[in-house]
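S.K.: structure of the sequence below:
(chains A and B)
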Amino acid sequence: MATAAAPSKVGQRRRFRPSRALRYLILSAGAVLFVAPFLYMVSSSFQPLSEIFSSPPRWIPDNPTLQNYRDFFGSGHSIGRWIVNSAFTTATITVLQLFFSSLVAYTFAKRTFPGRDFLFFLGLATMMLPVQVTLIPNYLILKAVPLFGGNDIMGVGGHGWLDSYWGIIVPNLVNPFGIFLLRQYMKSIPDELLDAARIDGAGHFKIYWKVVLPLSRPALAALAILTFQFWWGAFFWPLIIISSPELYTLPLGLALFQDANRTVWNLIMAGSVLAAVPLIVLFLVFQRQFVRGISLSGMKG
Amino acid sequence: MAQVAVPGTKARPQPRRKPRRGLRGLLKEMRRERTAYLMNAPGLILFVTFTLYAILVSLWISFHDWDLIEPDRPFIGLDNYREVLGDGAFWAAIWHTVYFTVGSVLPAMAIGLGLALLLNTQMRALGLFRAMYYLPAITPLVIAAIIWKWVYNADYGLANYYLLRLGVIDDPVNWLGSRGLAMPAVIVMGIWISVGFNMIVYLAGLQAIPNELYEAADVDGASAWQRFRRITFPLVAPTTFFLLIVQSIWGMQAFDQIFVMTNGGPPGPGGATTTVVYYLWQQGFRFFRMGYASAMAYILFALLFVVSFVQFRWYLKQVER
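M.R.: Reported below is the predicted structural model:
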């Protein structure tokens, strides 16, 4: 079809019937509803328990206090450790996943070698695989890692990589979705740039590191943010393999904490704020990358 | 032959090679491209171990009476599969999962599209609105579930307070404790958390529609509804399809919010909110019936495959029109 005309802003503005005010009204009302539960969490985290349990609900604390946060840290659990665990596993998974995924993506996008298309197809096919299919075998595989966690050379006798950082991190270092997203992006890098580097004597690894990676920065940033977000909030996998309280991640510890202490909503809310805040900050700082990451995944998916 | 791998000799743009004939040619080519395999190695080893090998182990386990604690694990053929298919609790879990998925995914997509349509203008507050609607989506699921558990609290929750004030209900409701209302309550939270994602993806889809189409429609005097029905909706069909797939997979995996909000309850036959993943987790990691849970995972996989296939067929039909 003929769509040669330059985009016209006038037409775009004229396209909508409901008046501007009505549009803002609907959007604002909805936005308030969406943010309200969140604000209530934050507000509750600064209220003493008596105030939390009073009616009507307080949106602004009468007597704002930091006591809940102090009490949460003093609740006898290794809260500081949970935060460190979350930060360490999330950061490690993000960095290594990006490295391994980008290596694979580079060979898929820019090199021809026997078996490439087969591997690519295999990766795509497993994207549809529900995680539950690999859940139990991976649990058993980790349990049988030799010479770790009290295991002998045959992988028997102890708990292997279960209940350890290894167990959280290692099985999650490859993600077909990430490889796919990066490959699509790297394909758009002109071959001439790579050829120029090759003429200058660069090897494959150097081309990957000095040419392709820097040019893929937007896609890498988007993927990094999505990966970080996912693993900071991850619950299912840590729940499966972690049993020692000092190895809990923050979401795991918090979920079990609220399960065991069903009435101390003030402390639970303080903990929830702690878990949510890093992602909020990340989102506010990198909003553009967030949006691009989601759009990238949406358009290329 | 070895000189091929020396970096200095690569000083010409690589021609696009034609595949060689014969095993020797293949091996030669594999040798020349060995750095490609080297680069793939870390990812490939992990993929082979934790995905391909795991799939086979899972299948193997599913044919055994595999108890985590019991050392004796006899081969029992298809008995696990037979038992799963005859297990009322499994089918109840399937039903709960479908209920949750359809109940939360379709409204979240519709609301997301609506918001994207409203936001798709030169709007001053676009960034602010986008951030506000996306806020739930960046909240870790466990945290969102905790917030909503508090909102639904029968004695002190926001939901009861405001619904009583508005006169929608006459008495406080125990949302998460009642068999009929627990799942709708979980669904509302599911919608809340996923609208933002749908909105952003739709916004990207809408922005890719050429403006000229709308101008032409304006010239033809099309109504707002006609423009939506004839231009917008067909042209965002790929986005809709993508979201349908991604969000269905998300819904089918529902676990965190169930764990936190209801523990699969309230009690009763099957538990009113026990989803497939929750049931699988219970069987595998609470009762240690790993063979049984593996068989369940494979049946779930088969069902998901059929669902995706049906969705794909539907999508092709949409595109043809």
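S.K.: which non-adjacent residue is nearest A:S243?
M.R.: Nearest non-adjacent residue to A:S243, counting by C-beta to C-beta, 6 or more residues apart in numbering or on different chains: A:D163, 5.0 Å away. In this view, the C-beta of every residue, glycine as well, is placed from N, C-alpha and C.
S.K.: quick check: A:D62 is in a strand.
M.R.: No: judged by DSSP: H, G, I helix; E, B strand; the rest coil, A:D62 forms no part of a strand; its state is coil.
S.K.: what is the burial count for it?
M.R.: The number of residues packed near A:D62 is 10, by other C-beta atoms under 10 Å in any protein chain shown.
S.K.: quick check: it touching A:E51?
M.R.: Yes: with contact defined as C-beta atoms under 8 Å, A:D62 reaches A:E51; the gap is 5.9 Å.
S.K.: what's the nearest residue in the stretch 101-250 of chain A when you look at chain B?
M.R.: Closest to chain B within the stretch 101-250 of chain A is A:G233: 2.9 Å, counting by C-beta to the nearest C-beta.
S.K.: tell me, how many residues neighbour the residue lying closest to that residue once chain neighbours are set aside?
M.R.: Leaving out its chain neighbours, the residue that sits closest to A:G233 by C-beta to C-beta, 6+ apart is B:P140, at 2.9 Å. Per other C-beta under 10 Å, the neighbour tally for B:P140 reads 26.
S.K.: also A:V291?
M.R.: 20.
S.K.: with the one 5 residues further on instead?
M.R.: A:L296: 20 surrounding residues under other C-beta under 10 Å.
S.K.: that one: which element?
M.R.: helix A:287-300 (DSSP states H and E).
S.K.: now that helix: average pLDDT?
M.R.: For helix A:287-300, mean pLDDT rounds to 72.
S.K.: which strands or helices does it pack on?
M.R.: With contacts taken as 3 or more C-beta pairs under 8 Å, 6 or more residues apart in numbering or on different chains; DSSP states H and E, helix A:287-300 sits against helix A:176-187, helix A:217-232, helix B:126-138, helix B:182-207, helix B:237-252.
S.K.: coming back round to it: quick one: contacts for the residue nearest to A:S243?
M.R.: Residues in contact with A:D163, defined by C-beta atoms under 8 Å, 6 or more residues apart in numbering or on different chains, are A:G149, A:I241, A:I242, A:S243, A:S244, A:L247.
S.K.: so the second one touches A:I136, yeah?
M.R.: No: between A:I241 and A:I136 there is no contact, the gap being 11.6 Å when judged by C-beta under 8 Å.
S.K.: local confidence estimate at the residue found closest to A:G80 once you drop the neighbours it is linked to in the chain?
M.R.: Nearest residue to A:G80 in three dimensions, chain neighbours excluded: A:F73, at 7.0 Å (C-beta to C-beta, 6+ apart). If you check A:F73, the pLDDT there is 93.
S.K.: then A:A197?
M.R.: On the pLDDT scale, A:A197 is placed at 92.
S.K.: wait, doesn't A:L274 sit right on A:L250?
M.R.: Yes: using C-beta under 8 Å, A:L274 is in contact with A:L250, at 7.1 Å.
S.K.: common neighbours of these two, please.
M.R.: By C-beta under 8 Å, 6+ apart, the residues touching both A:L274 and A:L250 are A:I83.
S.K.: how about A:R262, secondary structure?
M.R.: coil.
S.K.: neighbours of it, how many?
M.R.: Neighbours of A:R262 using other C-beta under 10 Å come to 10.
S.K.: quick check: phi and psi on it?
M.R.: Phi and psi for A:R262, reported as degrees, to the nearest 10, are phi -80, psi -10.
S.K.: which other residues reach the helix or strand encompassing B:Y279?
M.R.: Take DSSP H and E as the rule and B:Y279 turns out to sit in helix B:276-281. Where contact means C-beta under 8 Å, 6+ apart, the residues beyond helix B:276-281 that reach it are A:132, A:135, A:236, A:240, B:89-90, B:93-94, B:96-97, B:252-255, B:258-259, B:264, B:293, B:296-297, B:300.
S.K.: and chain B, what are its domain boundaries?
M.R.: B:2-62, B:82-320 (automatic domain parsing).
S.K.: still on that earlier bit, the residue of the stretch 101-250 of chain A closest to chain B: what's it in contact with?
M.R.: A:G233 sits next to A:P251, A:A275, A:L279, B:T139, B:P140, B:L141, B:V142, B:I143 when contact means C-beta under 8 Å, 6+ apart.
S.K.: could you check the pLDDT of it?
M.R.: For A:G233, the predicted pLDDT is 94.
S.K.: check B:V319 too.
M.R.: Per-residue pLDDT puts B:V319 at 66.
S.K.: tell me where the stretch 201-321 of chain B is predicted with low confidence.
M.R.: B:268-270, B:318-321 (pLDDT under 70).
S.K.: tell me the strands in it, going along the chain?
M.R.: For the stretch 201-321 of chain B, applying DSSP state E, counting those that start in this stretch gives no strands.
S.K.: where along it do the helices fall?
M.R.: Counting by DSSP state H, counting those that start in this stretch, the stretch 201-321 of chain B has helices at residues B:211-219, B:224-227, B:233-235, B:237-252, B:256-261, B:276-281, B:290-320.
S.K.: write out the residues of the stretch 201-301 of chain A neighbouring chain B.
M.R.: Counting by C-beta under 8 Å from any C-beta of the partner chain, the stretch 201-301 of chain A comes close to chain B at A:201-205, A:208, A:229, A:232-233, A:235-236, A:239-240, A:251-252, A:254-255, A:258-259, A:265, A:268-269, A:272, A:275-276, A:279-280, A:282-284, A:287, A:290-291, A:294-295, A:297-299, A:301.
S.K.: narrow these to those that are buried.
M.R.: Taking 16 or more other C-beta atoms under 10 Å in any protein chain shown as the criterion, what is buried in those is A:202-204, A:208, A:229, A:232-233, A:235-236, A:239-240, A:251-252, A:254-255, A:258, A:265, A:268-269, A:272, A:275-276, A:279-280, A:282-283, A:290-291, A:294-295, A:297-298, A:301.
S.K.: hmm, back to that, neighbour count: A:I241 and A:I136, which is higher?
M.R.: Taking other C-beta under 10 Å, A:I241 and A:I136 do not tie; A:I136 has more neighbours (27 against 22).
S.K.: just the element for that one, please.
M.R.: Assigned by DSSP H and E, A:I136 belongs to helix A:131-143.
S.K.: give the rounded mean pLDDT of that helix.
M.R.: pLDDT averaged over helix A:131-143 gives 90.
S.K.: kindly report the same for stretch A:236-243.
M.R.: For stretch A:236-243, the per-residue pLDDT averages 94.
S.K.: what are the contacting residues of that stretch?
M.R.: A:131, A:135, A:139, A:142, A:161-163, A:167-168, A:171-172, A:248-249, A:251-252, A:255, B:255-256, B:259, B:277, B:281, B:285.
S.K.: report the helix or strand with the lowest average pLDDT across chain A.
M.R.: When the helices and strands of chain A are scored by mean pLDDT, DSSP states H and E, helix A:9-14 comes last with a mean of 48.
S.K.: just want the angle from the following helix or strand past that one to helix B:126-138.
M.R.: Later in the chain than helix A:9-14, the nearest helix or strand by DSSP H and E is helix A:20-45. In terms of direction (axes from the mean of the first three to the mean of the last three C-alpha atoms, to 10 degrees), helix A:20-45 departs from helix B:126-138 by 40 degrees.
S.K.: in terms of secondary structure, what does helix A:20-45 contact?
M.R.: When contacts are defined as 3+ C-beta pairs under 8 Å, 6+ apart, helix A:20-45 sits against helix A:265-285, helix B:88-119, helix B:126-138, helix B:141-151, helix B:158-166, helix B:182-207.
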